[in-house]
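**Q** okay, here's the prediction I keep looking at, along with the sequence it came from:
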Amino acid sequence: MKRLFVSIITCLLSAFLFANESAVFRIDSITPNGIVLDQKWKFHAGDDTAWMRPGFDDSAWESIGTRIVTDRENKTSFHGIGWFRLHVHVNPSLAGVPLALSLNQHGASEIYLDGRLIYIFGTVSSDRLKEYKYNPQGVPYPIVFPKGGSHVLAVRYSNTDLGLHYDDSSTPNAGFVMRLFPLRHSIDEVLEQSMATAVIFTFLFTFFTALAILHFLLYIFYRKNISNLYYSIFAAGIGYVLFTTFIASYNSSTSQNETIESINGIVLMLSFLSLLALIYSIFYKRFPLMFRITAAAAAVALTLLYSGLEQAGMLVFSIYFIIAIELIRVVVVSLRKKREGARIIGTGVVTFMAFMVMMVISMLSGHVSLSTSTTAGMIFFFLVILSIISIPLSMTVYLARDFARTSNNLQVKLEEVERLSAKTIEQEKEKQKILESQKEVLETQVQERTAEIVEQKKIIEEKNKDITDSINYARRIQNAIRPSSEVVQKVFTDSFALYKPKDIVSGDFYFYEESAPYHIVACADCTGHGVPGAFMSLIGSNLLTQIIKEKNITIPGQILDHLHEGIRKTLKQDSERTGSKDGMDIALLAFDFGGKQVHYAGAQRPLWMIRDGKLEEIRADKFSIGGLQMEAKRTFTNHVIDYKNGDCFYLSSDGFADQFGGPHGKKFMSKRFKDLLLSIHEKPMPEQWRILNRAAEEWRGGTVQVDDILVIGIRV
């Protein structure tokens, strides 16, 4: 019985000791690659300084790893702040040996060894405004275990930004990764890796920046090839991402690194879109619809990502995948169609995509990392660098080849131009010889022809002089039959007649005759102007005199009836074979001063009367004197108007209103003419004559007078 009891006690004690031993992280030795302290930790949410003490009982705490992924699939009890505790058993051989502790984290932490604070990384707080995140970036910090045996590492940790996902797989989005290294080895490794990283990133940044500047200058000086611009944007974007990534690797501020990552995401997306645009510009005449859709989707995805939508990360990854597939598709189609440069560019794109796929698969599987501490890591890192520069190298080769081909074509064209120029010079010499041989013959012919032209010029000048003299004599005759201004002024003391022929003689004429008790005034516009119009004016004037003096007809309507018949008879317009279609438009007034009446009749020309500041238009009949007559008999309307002292009457041909000019070269128009009359009617008639004459000249300006101008004004 006693032995059984001892056996039971021994088994229970062994089980207890074994259970306690399983909760302790043993450190028996440290290899050059170090060890990761990521297991057998205890965690408790909240914040209590008593939890740093070595003797604190944490047996009821949650067992957890330090890598916390706070997503929907793997929720933990971590809610922003808490304590991690790790019981460590150190081999006595490591007592007092200088070791190195490295930490990677997103958040802030305080590290305690056996209750003593040894390091602070950032400011730990559950208040987001007070918390300051700090990532030591794996930099080694000295740590010494003073003795062998049991020790307690306690970490007070906070991260108020939960649910975030980071690209760096070595650093979780909550929690931390802690490692122990031999101190001397870790310092040498950090220095070696820092130097290698600086050299590599400096080379890559310089390489891409130089390409960006070079091809941007090529675009500036030769904008027709827009491929250089897209390539410059792509190279500048990659160079910027490499530079900021290098800066972030030495920056311990988590918030600043998050900002850098956000900007890099936008720049990287823009760079790959520029690469796609570059490929399109080389193999397509214009961007297909797919590019516009991809660019719009990229803008939406980035907007959603930086607005905090968790699922947007997968959407961004999908956009990158679509761009990669589209790049490969365009290259494959171009290779199949044997387009120029497809092999060179395709080699770079396929190499880049192949290495990217290999890198993603290898890093996801965990078989290979980017660490240069191993031979496999060095080879893999070299392949990554090669994949990064594969596209720029292929594009540089293609663009250089394209530039060289263009230069060769220009050289060929230049040689061809030189040959053509030499040939042209020879032809010009031959022409010069022919011209010199023909020069004397041509000079003789020119002299003979000049003499003939001079003789013909004299004959033409003599004929023109005879014609001009005849027309001037005709003007004298026309002026002689026109009523004298003295006679008109004697009857109408306040009146004017603005008479501006287009040529030497005029088709417009004004007429005055007295036949008691009427004083008859007419303003006529005959068909045409110049000599033909002048002939018509002579016929019309003579017919008016006959009708009034010989036939004693004084009513304007009846006068126009007889004038119409007289014109048609004189010009034989009753016969379709020999008759002409010429005639005239006329406005005729007969003043009865005793009865204070004025009679008016008009053929196409109205009468304007201004009384008490208001203009009234008495419309004319809508047919002319003479010309084609469709009706059986043409009768003109006679209007009788009672006037009072101060009334103004105006008659005019259509020459003033039809004159082109003004700022836009348009007609003066009847409305503007009537407004002008209304604006000046209160002035004396001689002053009105001067205003109208000046208005006609100013409106015409440098344009040609298109018709005869005649305006008559009478104030009673």
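**A** Cool, got the structure.

**Q** residue ranges with poor pLDDT in the stretch 101-250 of the chain?
**A** Per-residue confidence for the stretch 101-250 of the chain (pLDDT under 70) gives these ranges: 162-173, 185-197, 248-250.

**Q** apply 50 and report the result again.
**A** Scanning the stretch 101-250 of the chain with the threshold set as pLDDT under 50 gives 163-171.

**Q** where do the helices sit along it?
**A** For the stretch 101-250 of the chain, the helices identified by DSSP state H, counting those that start in this stretch occupy 183-221, 227-249, in order along the chain.

**Q** need the winner for burial among the ones you listed.
**A** Comparing the helices of the stretch 101-250 of the chain by mean neighbour count (mean count of other C-beta atoms under 10 Å), helix 227-249 ranks first with a mean of 21. (Each C-beta comes from the backbone N, C-alpha and C, glycine too.)

**Q** show me what whichever helix or strand comes after that one is packed up against.
**A** Using DSSP states H and E, the helix or strand that follows helix 227-249 in sequence is helix 254-283. Helices and strands touching helix 254-283, as assessed by 3 or more C-beta pairs under 8 Å, 6 or more residues apart in numbering; DSSP states H and E, comprise helix 227-249, helix 289-306, helix 312-336, helix 342-365, helix 375-481.

**Q** okay, those helices, which one's buried deepest?
**A** Ranked by average neighbour count under the criterion mean count of other C-beta under 10 Å, those are headed by helix 227-249 at a mean of 21.

**Q** that helix to helix 254-283, inter-axis angle?
**A** 160 degrees (axes from the mean of the first three to the mean of the last three C-alpha atoms, to 10 degrees).

**Q** ok, residues contacting helix 227-249?
**A** Applying C-beta atoms under 8 Å, 6 or more residues apart in numbering, the external contacts of helix 227-249 come out as 137, 197-198, 201, 204-205, 207-209, 211-213, 215-216, 218-219, 222, 256-257, 260-261, 263-264, 267-268, 270-272, 274-275, 277-278, 281-282, 388, 392, 395, 399.

**Q** 7 Å - rerun?
**A** Taking C-beta atoms under 7 Å, 6 or more residues apart in numbering as the criterion, the residues outside helix 227-249 that touch it are 137, 197, 201, 204-205, 208-209, 211-212, 215-216, 218-219, 257, 260, 264, 267-268, 270-271, 274-275, 277-278, 281-282, 392, 395, 399.

**Q** then stretch 51-58?
**A** By C-beta under 7 Å, 6+ apart, the surrounding residues in contact with stretch 51-58 are 42, 44, 50, 83, 85, 112, 114-115, 152, 154.

**Q** those: which two are farthest apart?
**A** Using C-beta to C-beta, the contacts of stretch 51-58 span at most 18.6 Å, a distance reached by His44 and Asp114.

**Q** rewinding a little: got the helices of the stretch 101-250 of the chain as JSON lines, with distance to Tyr306 columns?
**A** Converted to JSON lines, these look like this (distance: least, C-beta to C-beta, whole Å):
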{"stretch": "helix 183-221", "distance to Tyr306": "25"}
{"stretch": "helix 227-249", "distance to Tyr306": "16"}
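
**Q** select, out of those helices, the one closest to Phe656.
**A** helix 183-221 (62.0 Å).

**Q** which stretch in the helices and strands packed on helix 254-283 has the least confidence?
**A** Ranked by mean pLDDT, the helices and strands packed on helix 254-283 end with helix 342-365 at the bottom, a mean of 66.

**Q** where does the prediction get shaky in the stretch 501-650 of the chain?
**A** Judged against pLDDT under 50, the stretch 501-650 of the chain has no low-scoring part.

**Q** what are the ranges of the helices in it?
**A** Along the stretch 501-650 of the chain, the segments classed as helices by DSSP H, counting those that start in this stretch run 530-545, 556-570.

**Q** the shortest one - contacts with which helices or strands?
**A** To tie it back to what came earlier, the one meant is helix 556-570. Contact partners of helix 556-570 among helices and strands, from 3 or more C-beta pairs under 7 Å, 6 or more residues apart in numbering; DSSP states H and E: helix 530-545, strand 583-592, strand 597-603, strand 625-626.

**Q** can you list contacts of that helix?
**A** 539, 543-544, 547-548, 551, 553, 574, 583, 586, 588-590, 599-601, 603, 625-626, 629, 634-638.

**Q** buried residues in that helix?
**A** Within helix 556-570, the residues that count as buried by 16 or more other C-beta atoms under 10 Å are 556-568.

**Q** so which of those is the closest to Phe535?
**A** Here the nearest of these to Phe535, counting by C-beta to C-beta, is Ile567; it sits at 12.0 Å.

**Q** skipping adjacent residues, who's closest to that closest one in space?
**A** Gly626 (3.5 Å; C-beta to C-beta, 6 or more residues apart in numbering).

**Q** show the contacting residues for the one you found.
**A** Counting by C-beta under 7 Å, 6+ apart, Gly626 touches 564, 567-568, 571, 573, 582-584.

**Q** tell me what it is bridged to.
**A** When bridges are taken as DSSP bridges, the partners of Gly626 come out as Gly583.

**Q** I appreciate the help and will end here.
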